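Fold the stuff below for me.
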Amino acid sequence: MKLGVVVLAAGKGKRMRSRIPKVLHPLAGRPLLAHVLDTAQALGAARVCVVYGYGGELVPQRMADYDCVWVEQAEQQGTGHAVMQAMPSLRDMDRILVLYGDVPLMEPTTLQHLMDAAVDTDLGMLTATFDDPTGYGRIVRDKTGQVVRIVEQQDATEAELRIGEANTGFLVADRARLDDWLARIENRNAQGEYYLTDVFALAVQEGVEIATSHPRTLDEVYGVNDRIQLAALERAFQRRRAEALMRDGVTLADPARFDIRGRLHAGEDVSIDVNVVIEGEVRLGAGVSIGPNCLLRDCELGPGTEVFANCVIEGAVVGADARIGPFSRLRPEAVLADEVHVGNFVELKKSQVGEGSKVNHLTYVGDARIGCDVNVGAGTITCNYDGAAKHLTVIEDRAFIGSNASLVAPVEIGAGATVGAGSVVCRKVPAGKLTVTRAKQTTVEGWQRPRKQGPGSG
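From the prediction side, this is the model:
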């Protein structure tokens, strides 16, 4: 059986007060629509048709990585009209599932349960029971429990308003029957729109049994209409991810102060302190500890590595039992071996650091290859950029770089060499030797420091 999915994503979202189409606003670092399309893919849909409108081609352009059929709803004339636009692209499908581009937390398992519930009938709907269903269409059932109609808030009697079960808008239907029902719905209402919910009345008239299913949590069916709702769903999403990580054995100091905007692969006994942000693809080996206020993006940290407070690690690979921070920044293509120490206010970019080496204080290392057991002193700079091109600095095993040294690339420091503090090194430093480039210290006799003149002087 071939499943076609229709995603309704045409609305402007006036209450967002934004030029950006609502479905492109980010949740967990990705567009709302991306979460919905991921769900469609997880269900194994044979074809996904996205109905877009406001923002024109911006929506399909931003979502070009997804294999979708894009159909424009030039005039927004209701949800039924939107699904009508998609149906010609789904003629060869057997079943149609309707999703919403601004409802990002729907779980694939919930939708699978809905499709399973409707497998022996032509129409199924997802309903939910709310403590306060104000604004939702109520589900009216007969004495046998069968759905007989959906009554909208403004049309409901006092008794019907007390019904807690409501329509969420998600439905699955036989493709041919849905085509027929859509062709017969009308727009004789105050808004002059074609409502998708009208297909249920037609189905009941024809004696079609309407199957129902329910979400595991109400978060799944909540949509985004303004930035307050977007923020609420962001927290719901983050709570889900945090709980999943903790079930897998990750310790989070405070799940409410943890944000993941990508994927985290964590070994055993990983510990993460407060206000840590995970972006992209992040891998943490067993026993890794992340201190507070850190950003980790597209990086890999080996087992036993400890990251202290206020570090930014992006596009870097770190070995086992390393010590990073506090206040360190590892930029893309920084590769650190086992037991490397990178400390306070140190920045590394596109550099390799060998096993056991230390770069502990107030240092910039860019475009460098550092060997094993090297000590790089405080205030050291690799001068890698000449204004037009980047150049390589090579520091071989067991070298010692004194504080406040400037290594002007391209340059090589030999194995076991020592560079004296304050030196500016422009040429190769021989292995095992001390190289110093300081000017001779001089004391000027009789010199006096200038003094400020008193009031009224001069």
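
Just confirm residue 359 contacts residue 376, I think it does.
Yes: counting by C-beta atoms under 8 Å, residue 376 is a contact partner of residue 359 at 4.4 Å. To be clear about C-beta, it is placed using only N, CA and C from the backbone, and glycine gets the same treatment.

Touching both of the two, which residues are there?
365, 370 (C-beta atoms under 8 Å, 6 or more residues apart in numbering).

Assign a three-state SS to residue 85, would you?
Under DSSP: H, G, I helix; E, B strand; the rest coil, residue 85 falls in the helix class.

Go ahead and confirm it touches residue 51.
Yes: contact criterion C-beta under 8 Å: residue 85 and residue 51 qualify, at 5.4 Å.

Where does the prediction get shaky in the stretch 301-450 of the chain?
Across the stretch 301-450 of the chain, nothing is flagged by pLDDT under 70.

now swap in the stretch 101-250 of the chain and tell me
Using pLDDT under 70, nothing in the stretch 101-250 of the chain is flagged.

So residue 85 and residue 51 - more neighbours on which side?
residue 51 (26 against 20; other C-beta atoms under 10 Å).

how many other residues sit next to the nearest residue to that one once chain neighbours are set aside?
Residue nearest to residue 51 in three dimensions, not counting chain neighbours: residue 82, with 4.7 Å by C-beta to C-beta, 6 or more residues apart in numbering. For residue 82, the neighbour count with other C-beta under 10 Å is 25.

quick one: average pLDDT of the helix or strand hosting residue 82?
If you go by DSSP states H and E, residue 82 is part of helix 79-86. Mean pLDDT, computed over helix 79-86, is 96.

Does residue 404 fall in a helix, a strand, or a coil region?
coil.

List the contacts of it.
With C-beta under 8 Å, 6+ apart, residue 404 has these contacts: 377, 378, 379, 380, 421, 422.

Take those residues and lay them out in JSON lines including distance to residue 405, secondary structure and neighbour count.
Putting these into JSON lines (distance: C-beta to C-beta, whole Å; DSSP: H, G, I helix; E, B strand; the rest coil; neighbours: other C-beta atoms under 10 Å) gives the following:
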{"residue": "377", "distance to residue 405": "7", "secondary structure": "coil", "neighbour count": "21"}
{"residue": "378", "distance to residue 405": "10", "secondary structure": "coil", "neighbour count": "19"}
{"residue": "379", "distance to residue 405": "8", "secondary structure": "coil", "neighbour count": "17"}
{"residue": "380", "distance to residue 405": "5", "secondary structure": "coil", "neighbour count": "25"}
{"residue": "421", "distance to residue 405": "7", "secondary structure": "coil", "neighbour count": "16"}
{"residue": "422", "distance to residue 405": "7", "secondary structure": "coil", "neighbour count": "16"}
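
what's the most distant pair in those?
Using C-beta to C-beta, the two most remote members of the contacts of residue 404 are 378 and 422, lying 11.4 Å apart.

Overlap of the contact sets of those two?
403, 404.

quick check, nearest of the contacts of residue 404 to residue 176?
When the contacts of residue 404 are compared against residue 176 (criterion: C-beta to C-beta), the nearest one is residue 380, at 73.3 Å.

Hmm, the closest one is touching residue 399, no?
No: at 11.3 Å, residue 380 does not count as touching residue 399 under the criterion of C-beta under 8 Å.

tell me the helices in the protein, going along the chain?
Secondary structure of the chain (DSSP state H): helices at 32-42, 58-62, 79-86, 108-117, 158-161, 175-184, 198-205, 227-247.

Ok, which of these comes nearest residue 131?
Once these are compared by C-beta to C-beta, helix 158-161 is nearest, at 13.6 Å.

What lies in contact with the closest one?
138, 140, 151, 153.

Contacts only, for the third one.
Right, the one you point to is residue 151. 137, 138, 140, 160.

Not counting sequence-adjacent ones, nearest residue to the third one?
Here the nearest residue to residue 140 in space, its sequence neighbours aside, is residue 149; by C-beta to C-beta, 6+ apart that works out to 4.9 Å.

and that neighbour, what does it touch?
Taking C-beta under 8 Å, 6+ apart as the test, what residue 149 contacts is 140, 200, 201, 204.

Please tell me the pLDDT value assigned to the spatially most central residue of the chain.
Ranked by distance to the mean C-alpha position of the chain (C-alpha atoms, centre = their mean), the top residue is residue 261 at 2.4 Å. Per-residue confidence (pLDDT) for residue 261: 97.

so who does it touch?
Counted by C-beta under 8 Å, 6+ apart, residue 261 has contacts 28, 29, 30, 277, 278, 279, 280.

if we can go back for a sec, between the contacts of residue 151, which is closest to residue 195?
residue 137 (9.4 Å).

what separates the closest one from residue 200, distance-wise?
9 Å (C-beta to C-beta, to the nearest Å).

Can you check which residues contact both of the two?
In contact with both residue 137 and residue 200: residue 150, using C-beta under 8 Å, 6+ apart.

What's the end-to-end length of stretch 143-162?
17 Å (C-alpha to C-alpha, to the nearest Å).

same deal with stretch 298-306?
First-to-last residue span, stretch 298-306, C-alpha to C-alpha: 17 Å.

in it, what's buried?
By neighbour count with 16 or more other C-beta atoms under 10 Å, stretch 298-306 contains the buried residues 299, 300, 301, 302, 303, 304, 305, 306.

which residues sit in contact with residue 193?
77, 78, 79, 80, 81, 187.

Now it. Nearest residue, chain neighbours left out?
The shortest distance from residue 193 to any non-neighbouring residue, by C-beta to C-beta, 6+ apart, is to residue 78 (3.0 Å).

Just to check, residue 72 is in contact with residue 55?
No: with contact defined as C-beta under 8 Å, residue 72 does not reach residue 55; the gap is 10.3 Å.

between the two, who's got more neighbours?
Ranked by neighbour count (other C-beta under 10 Å), residue 72 and residue 55 place residue 55 first, with 21 against 15.

Isn't the more buried one up against residue 16?
No: counting by C-beta under 8 Å, residue 55 does not reach residue 16; the two are 11.7 Å apart.

Any idea how many residues pack against residue 83?
Here the count is done by other C-beta under 10 Å, and residue 83 has 27 residues near it.

so who does it touch?
6, 8, 51, 96, 98, 178, 182, 196.

can you check residue 128 too?
165, 166, 168, 214, 215, 218, 221.

May I see the residues you listed organised as JSON lines, with neighbour count and distance to residue 45 added?
JSON lines is the format used below for the contacts of residue 128 (neighbours: other C-beta atoms under 10 Å; distance: C-beta to C-beta, whole Å):
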{"residue": "165", "neighbour count": "17", "distance to residue 45": "28"}
{"residue": "166", "neighbour count": "20", "distance to residue 45": "26"}
{"residue": "168", "neighbour count": "24", "distance to residue 45": "19"}
{"residue": "214", "neighbour count": "17", "distance to residue 45": "22"}
{"residue": "215", "neighbour count": "23", "distance to residue 45": "19"}
{"residue": "218", "neighbour count": "15", "distance to residue 45": "25"}
{"residue": "221", "neighbour count": "23", "distance to residue 45": "20"}
